[in-house]
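Engineer: Show me how the following folds:
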Amino acid sequence: MSSTADFVEEIKIAIARKHKFILSDDDPVLAIVTLNDLLLNHHLAQVNGATDKLREDIEAVTERHSLENRELAKNIINKSISHSVSEIKKVSDTLVEQLNTQQQSFLRDYEVISDNNQKLKTISAICAALSVIGALVTAGLVLLT
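Structural biologist: Numbers count the residues shown, from 1 in each chain. You can find the predicted model right below:
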């Protein structure tokens, strides 16, 4: 027996107990029960179909949004990386420029120190020469006296 037939039997038993009369299988009341069952099954099939369609639509929209979000995330990450690289390059360029400036300053200072060392060597040589001349003059005066 199908579930509709079982339900019709339950209706017959419930009416017999409560109202004390028996419905026959050809009673119009049972035809209404069958009609309602058919209508409910028809509408249930339509609701199930609409639910399945809605589920498919939601899945499609979810997939589309997921892909769009992935692309958006990629774009944001790529822009962020590009910006970070650009900022790092700016900082790096600034540091290189500062190091070059300091290097040039150190080289100028080195040249000045090197030039001063050369002058000191020349002065030391002149002093040594003057000391030798002084010693010779002193020796010559000693010999003359």
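Engineer: Quick check: buried residues in the helix or strand of the chain with the lowest mean pLDDT?
Structural biologist: Among the helices and strands of the chain, helix 3-19 carries the lowest confidence by mean pLDDT, DSSP states H and E, at a mean of 89. When burial is assessed from 16 or more other Cβ atoms under 10 Å, helix 3-19 yields the following buried residues: 8, 12, 15. (C-beta placed from N, C-alpha, C; glycine too.)
Engineer: tell me which of the residues you listed is nearest to residue 66?
Structural biologist: Among these, residue 8 lies closest to residue 66 (Cβ to Cβ), at 49.3 Å.
Engineer: wait, doesn't the closest one sit right on residue 33?
Structural biologist: Yes - under the criterion of Cβ atoms under 8 Å, residue 8 lies in contact with residue 33, with a separation of 6.1 Å.
Engineer: Give me the three-state assignment for residue 42.
Structural biologist: For residue 42, the reduced secondary structure class is helix; criterion used: DSSP: H, G, I helix; E, B strand; the rest coil.
Engineer: how many other residues sit next to residue 35?
Structural biologist: By other Cβ atoms under 10 Å, 10 other residues sit near residue 35.
Engineer: and the helix or strand it falls within, what other elements does it pack with?
Structural biologist: With elements delineated by DSSP states H and E, residue 35 resides in helix 28-144, which encompasses its position. Applying 3 or more Cβ pairs under 8 Å, 6 or more residues apart in numbering; DSSP states H and E, one finds that helix 28-144 makes contact with helix 3-19.
Engineer: Just put the buried residues of helix 3-19 in CSV and tack on distance to residue 91.
Structural biologist: Written out in CSV, the entries for the buried residues of helix 3-19 read as follows (distance: Cβ to Cβ, whole Å):
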residue, distance to residue 91
8, 85
12, 90
15, 90
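Engineer: Report the mean confidence score over the helix holding residue 35.
Structural biologist: Averaging pLDDT along helix 28-144 gives 94.
Engineer: coming back round to it: ok, so of the buried residues of helix 3-19, who is nearest residue 48?
Structural biologist: residue 8 (23.7 Å).
Engineer: The closest one: what's it in contact with?
Structural biologist: Contact analysis of residue 8 by Cβ atoms under 8 Å, 6 or more residues apart in numbering lists 30, 33-34.
Engineer: Fine by me, thanks again.
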